[in-house]
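*Asks:* Build me a model:
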Amino acid sequence: MSIDVRPRRFTVEEYAKMGEAGVFAPDERVELIEGEIIPVSPQNRRHASRIARLTTMLVQKFGETHEVRVQLPLTLGETSEPEPDFALVRLDLADQAPRHPGFADLVLELSDSSLSFDRNQKASLYAKAGIGEYWVLNLRHERLEVRQAPAPNPEAAYGFDYSRLTVVAPGQSVAPLFAPGVEFAVSTLLGL
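*Replies:* Numbering: from 1, shown residues only. Sure thing, here's the model as predicted:
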């Protein structure tokens, strides 16, 4: 007799109960991605510094219209609750969310050691959730990777991916789809 062994997957509700019960240490950083509990790497100095500076910048630009969520959960369906570095959520949507918001106008991840995960699993997850624009601030190669137009893709980790990828280098600027009049210099985003 053969036994089919599969990992135990968790729902957002079960994950929340685990957090409330103290299953995770107070300083333990984890995310729920498609039912799996994934550890999050500790931040290095450059990553932490960029988080602090970009928080100020994004609040100044969008604080009146959006909740600037910094490393806070987004509830993306029954089995995913990632904590992206930044999620810009319209204030009306943030206020209506029963648990955590389930949609953002823009999600931004700062990537160095997590670059492959952010480009593949996270991109597929956010595309599957219908997030229209996902930026990866690639600290390793000093570039901004702008992903737009989520679409089905059976080869992607979770069956969805972005159909447009634009790589923006220092010396160039970029504006989010939801606010085309607000430009950011990539050099400033990277702290160069």
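*Asks:* Now for residue 79: which residues touch it?
*Replies:* Contact criterion CB atoms under 8 Å, 6 or more residues apart in numbering gives 9, 10, 11, 12, 32, 34, 35 as the residues in contact with residue 79. Placement of C-beta: from N, CA and C, glycine included.
*Asks:* For the worst-scoring helix or strand of the chain on mean pLDDT, buried residues please.
*Replies:* For the chain, using mean pLDDT, DSSP states H and E, the weakest element among its helices and strands is helix 91-96, scoring a mean of 80. By neighbour count on 16 or more other CB atoms under 10 Å, the buried set for helix 91-96 is residue 94.
*Asks:* That one packs against which elements?
*Replies:* With contacts defined as 3 or more CB pairs under 8 Å, 6 or more residues apart in numbering; DSSP states H and E, the secondary structure elements packing on helix 91-96 are strand 66-70.
*Asks:* Extract the CA atoms of the strand it packs on and return them as CSV.
*Replies:* What follows is strand 66-70, C-alpha atoms only, in CSV (Å, rounded to 0.1, in the frame of the first residue of the first chain):
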residue,chain,number,x,y,z
HIS,A,66,-4.1,55.9,0.5
GLU,A,67,-3.2,53.9,3.5
VAL,A,68,0.6,53.3,3.1
ARG,A,69,0.8,49.8,4.6
VAL,A,70,4.4,49.0,5.6
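*Asks:* Give the pairing partners of that strand; include direction for each.
*Replies:* Strand 66-70 pairs in its sheet with strand 86-90 (antiparallel), by DSSP bridges.
*Asks:* what's the average pLDDT for the partner strand?
*Replies:* The average pLDDT for strand 86-90 rounds to 96.
*Asks:* Quick one: distance of it to the chain centre.
*Replies:* Its chain's C-alpha centre lies 10 Å from the corresponding centre of strand 86-90 when counted by CA atoms, centre = their mean, to the nearest Å.
*Asks:* Can you show me the CA trace of stretch 138-147 as PDB?
*Replies:* Written as PDB, here are the backbone C-alpha positions of stretch 138-147 (Å, rounded to 0.1, in the frame of the first residue of the first chain):
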ATOM      1  CA  ASN A 138      16.000  45.100  -6.900                       C
ATOM      2  CA  LEU A 139      18.700  46.200  -4.400                       C
ATOM      3  CA  ARG A 140      21.100  43.600  -5.700                       C
ATOM      4  CA  HIS A 141      21.300  44.900  -9.200                       C
ATOM      5  CA  GLU A 142      20.100  48.500  -8.500                       C
ATOM      6  CA  ARG A 143      17.100  48.400 -10.800                       C
ATOM      7  CA  LEU A 144      13.300  48.800 -10.400                       C
ATOM      8  CA  GLU A 145      11.300  46.000 -12.000                       C
ATOM      9  CA  VAL A 146       7.800  47.200 -12.800                       C
ATOM     10  CA  ARG A 147       5.200  44.400 -13.400                       C
END
